[in-house]
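>>> this is a predicted model, with the sequence first.
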Amino acid sequence: MPASFQGNVNPNNEMIDLLIVGAGPCGLAASISAQRAGLNTLVLDGASVVGTISHYPTYATFFSTAEKLSLGGLPFVIATEKPTRRDALAYYRAVVRHFEIPVHQYERVTSIERSGDAFVVHSDSRANGPQVHQARAVVIATGYFGSPNYLRVPGEDLPHVSHVYREGHEAFDQDVVVVGGGNSAAEAALDLWRTGARVTLVHFGPTFDKKIKPWVLPDFLNREKEGSIATRWESRVARIGRDAVIITSPRGEERLRADRVYVMTGFAPNMDLLRQVGVPIDPVTGIPAHDPETLETTVPGLFIAGVVVAGYDANKVFIENGRFHGDKIVARLLGRGAPPEPRLSAELDT
């Protein structure tokens, strides 16, 4: 164990062994790993526990089985094969209670700075105002939600345009344009159609992106074939008006009537805190400079976990493998060898 980690836990919690920024599944898992190693932890989040999942579509179903979303060996028991958003929220609340994870919800980290061999973490608590914490090591596990990949076209900031999809009731009997070619776009289009909206999906590619959920793709293709959902492949949004979306395609410019627009183009991880401390970010991949074996950045004692590890390619890190990032970090802090990488469900199916 490094010298800075020797000694008893401070009963007044003046110095935290491992402070984790982000209370998503990967941040919670890192806290569990650290606590089991005898390190005291604190988790800070600007929103609620697993806030990203709380913003999933109301009726979302996970690709992974419940077992592969579980943390710390606590069983994730459901009556069906795949857990829903509601199942996951209930489970992760139970995880926090079961492992007694110290989480400060609605306390947003505003800055991190080095102070000798430790870090000073400044935050803003909704209830208590500005806060200051000291930590020997810090993990950035902030996920990606909240920083959408904007189209950067005129009209994208209009009130009927959303980068988040919850459910289709608000679009009943309206003309809707969904932009994107991934799972989020396909599932939103299907749900909107079932809710009674007139849906057109627009995507710059010739078909959907890879890794569409196997139960979603045939459903969508059947709706497209029968004409229930219109599609505009190889098309890009040029601008958005109050009642229409203007697109360009190999066929020229086209006006699509739209009472509501859902831009389902994904999110990019927020790297502001890492840049602030001096961690280089690859301008092409968005990946912070780090050791893949330990997840330690170029700033000693500062680690990354979860989707932040993958930069702009969020499809490389899921809860399935991100939940083990804490084990790598703790192994580094204790001077042990890194554990092996787990295999994903998608890999096991091929």
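Nice, I can see it.
>>> any stretches of this structure with poor pLDDT?
1-13, 342-350 (pLDDT under 70).
>>> break it down into its domains, please.
Taking automatic domain parsing as the reference, the chain has its domains at 3-146+267-348, 161-263.
>>> out of the ones you listed, nearest to Arg152?
Closest to Arg152 of the domains of the chain, according to CB to CB: domain 161-263, at 9.9 Å. For the C-beta atoms, the positions are set from N, CA and C on the backbone; glycine is no exception.
>>> where's the closest one relative to the chain centroid, distance-wise?
22 Å (CA atoms, centre = their mean, to the nearest Å).
>>> do stretch 292-311 as well
Taking mean C-alpha positions (CA atoms, centre = their mean), stretch 292-311 and its chain are 16 Å apart.
>>> tell me the phi and psi of Lys225?
Main-chain dihedrals, Lys225, degrees, to the nearest 10: phi -60, psi -40.
>>> dump stretch 257-276 to CSV, keeping only the CA atoms.
What follows is stretch 257-276 as a C-alpha-only set of coordinates in CSV (Å, rounded to 0.1, in the frame of the first residue of the first chain):
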residue,chain,number,x,y,z
ARG,A,257,-43.7,18.9,-41.3
ALA,A,258,-42.8,18.6,-37.6
ASP,A,259,-44.7,19.7,-34.5
ARG,A,260,-42.0,18.0,-32.3
VAL,A,261,-38.4,17.1,-33.1
TYR,A,262,-36.3,14.6,-31.1
VAL,A,263,-32.6,14.7,-31.8
MET,A,264,-31.3,11.3,-30.7
THR,A,265,-27.7,11.7,-31.6
GLY,A,266,-26.2,10.7,-28.3
PHE,A,267,-24.0,12.5,-25.8
ALA,A,268,-20.3,13.2,-25.3
PRO,A,269,-18.7,12.9,-21.9
ASN,A,270,-17.9,16.2,-20.1
MET,A,271,-14.1,16.6,-19.8
ASP,A,272,-14.1,20.0,-18.1
LEU,A,273,-12.8,18.8,-14.7
LEU,A,274,-10.1,16.7,-16.3
ARG,A,275,-8.9,19.6,-18.5
GLN,A,276,-8.9,21.8,-15.4
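>>> distance to Pro154 and mean neighbour count for the domains of the chain - can I get that in CSV?
Formatted as CSV, the domains of the chain follow (distance: least, CB to CB, whole Å; neighbours: other CB atoms under 10 Å):
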stretch, distance to Pro154, mean neighbour count
domain 3-146+267-348, 21, 18
domain 161-263, 4, 18
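>>> Serialize those to CSV and add fields for distance to Gly155.
Output for those, formatted as CSV (distance: least, CB to CB, whole Å):
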stretch, distance to Gly155
domain 3-146+267-348, 20
domain 161-263, 3
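>>> so what's Ile129 bridging to?
If you look again at residue 129, you'll see it is Gly, not Ile. Ser125 (DSSP bridges).
>>> how near is it to Tyr106?
Using CB to CB, to the nearest Å, Gly129 is found at 12 Å from Tyr106.
>>> with Pro214 instead?
In terms of CB to CB, Pro214 sits 38 Å off from Tyr106.
>>> contacts for the top helix by length along the chain, please.
Looking across the chain with DSSP state H, the single longest helix is helix 85-98. Contacts to helix 85-98, defined as CB atoms under 8 Å, 6 or more residues apart in numbering, come from residues 25, 28, 32, 49-50, 53-54, 56-62, 66, 69-72, 74, 76, 78, 83, 101, 103.
>>> quick one, what contacts the residue lying closest to Thr294 once chain neighbours are set aside?
In space, and not counting its chain neighbours, Thr294 is closest to Arg332: 3.9 Å by CB to CB, 6 or more residues apart in numbering. Arg332 is in contact with Thr294, Leu295, Glu296, Phe303, Ala338, counting by CB under 8 Å, 6+ apart.
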